[in-house]
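S.K.: got a predicted structure plus its sequence, pasted below:
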Amino acid sequence: MDNAGYVSLTRQSGLLKELQTVANNIANISTTGFKREGVVFSEFVKTSGADSISFADAHGRLTDTSQGMLAETGGTLDFAIDGEGFFLLATPNGERLTRAGSFTSDNQGELVSNDGYQVLDIGGAPIFIPPNAKNIALAPDGTLSADGLPFTQIGIFVPQDAGAMIRESGVMFRADGGYAPVENGILMQGFVEQSNVNPVAEMTRMIEVQRGYELSQKFLEREDDRIRSVVRILGQ
């Protein structure tokens, strides 16, 4: 394969990654707290003497952290962040950030996510729901009260380096650069944040990427025919 074929192949490889990303976004339209992801294309230039070749590189990922719609559930332990920030969870692999606020109380009375991970308070400690509490109320600043008595404050955090935030699963992120509490964060009880994926925009993008992929495939096929023709002529 000559240089033109390699250049087209790198573009096709990047478009395939973007197609997979768009498909994942569409699959998570109904996932609570899901944040849309995009692929960032960059240029990789290889030089050889006075000549240079430009390749496409699609290793970068971009997470859209814009606010999703808030859906009312009425659930006592369903919480939504109105504005910036993330909930902090304790997982076996370390602390992780999430916007999915559909929580529950486990057998030990701890506030946990749907995956069973502990929700942490403003100081990074697990949250325990008082036993036999009849009324759990959440104040806008994250203060939790049981039957009118405050007992903890849910933490809202932001990564110190948003560009270094890495998606580990559909709704959880790793912040290697650390994170800090959000000042004046707002929480809402009885609501969850919906996915911020725009179905129409994603379907449109999928069609565009598919067309680009097909064009690259046709170019590779024409290049293959051209090379075969040259070899056949030279072999006569």
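M.R.: Thanks, I have it.
S.K.: how about the spatially most central residue of the chain: what's its closest non-neighbour residue?
M.R.: Centrality entry for the chain: nearest residue to the mean C-alpha point is residue 35, 4.6 Å, by Cα atoms, centre = their mean. By the measure of Cβ to Cβ, 6 or more residues apart in numbering, the closest residue to residue 35 outside its immediate chain neighbours is residue 63, 5.2 Å from it. For glycine as for every other residue, the C-beta is placed from the backbone atoms N, C-alpha and C.
S.K.: which residues does the one you found bridge with?
M.R.: On the basis of DSSP bridges, residue 63 is bridged to residue 37.
S.K.: same question for residue 110.
M.R.: Beta-bridge pairing for residue 110 (DSSP bridges): residue 128.
S.K.: can you pull the pLDDT of it?
M.R.: pLDDT for residue 110: 96.
S.K.: wait, residue 177 touches residue 160, no?
M.R.: Yes - if you go by Cβ atoms under 8 Å, residue 177 and residue 160 touch, sitting 5.0 Å apart.
S.K.: now do the buried residues in the helix or strand in which residue 192 is found.
M.R.: With elements taken from DSSP states H and E, the one containing residue 192 is strand 191-193. For strand 191-193, a neighbour-count test (16 or more other Cβ atoms under 10 Å) marks 191-193 as buried.
S.K.: ok, these vs residue 181, which is closest?
M.R.: Among those, residue 193 lies closest to residue 181 (Cβ to Cβ), at 19.1 Å.
S.K.: does the closest one have beta-bridge partners, and which?
M.R.: For residue 193, the beta-bridge assignment (DSSP bridges) gives partners residue 70.
S.K.: what's the distance between residue 62 and residue 100?
M.R.: To residue 100, residue 62 is 20 Å away according to Cβ to Cβ, to the nearest Å.
S.K.: between these two, which one's more packed in?
M.R.: Shown here are residue 62 and residue 100; by other Cβ atoms under 10 Å, residue 100 has more neighbours (24 against 12).
S.K.: quick one: the more buried one is in a helix?
M.R.: No - assessed with DSSP: H, G, I helix; E, B strand; the rest coil, residue 100 is coil; it does not lie in a helix.
S.K.: which residues touch it?
M.R.: By Cβ atoms under 8 Å, 6 or more residues apart in numbering, the residues touching residue 100 are 31-34, 87, 113-114, 171, 192-193.
S.K.: distance of the residue nearest to the centre of the chain from residue 178?
M.R.: Distance from residue 35 to residue 178, counting by Cβ to Cβ: 20 Å.
S.K.: returning to that earlier point: top of the contacts of residue 100 by number of neighbours, please.
M.R.: Among the contacts of residue 100, the one with the most neighbours (other Cβ under 10 Å) is residue 87, at 27 neighbours.
S.K.: neighbours of the nearest residue to that residue once chain neighbours are set aside, how many?
M.R.: Counting by Cβ to Cβ, 6+ apart, residue 98 is the residue found nearest to residue 87 once chain neighbours are left out, at 5.3 Å. By other Cβ under 10 Å, 25 other residues sit near residue 98.
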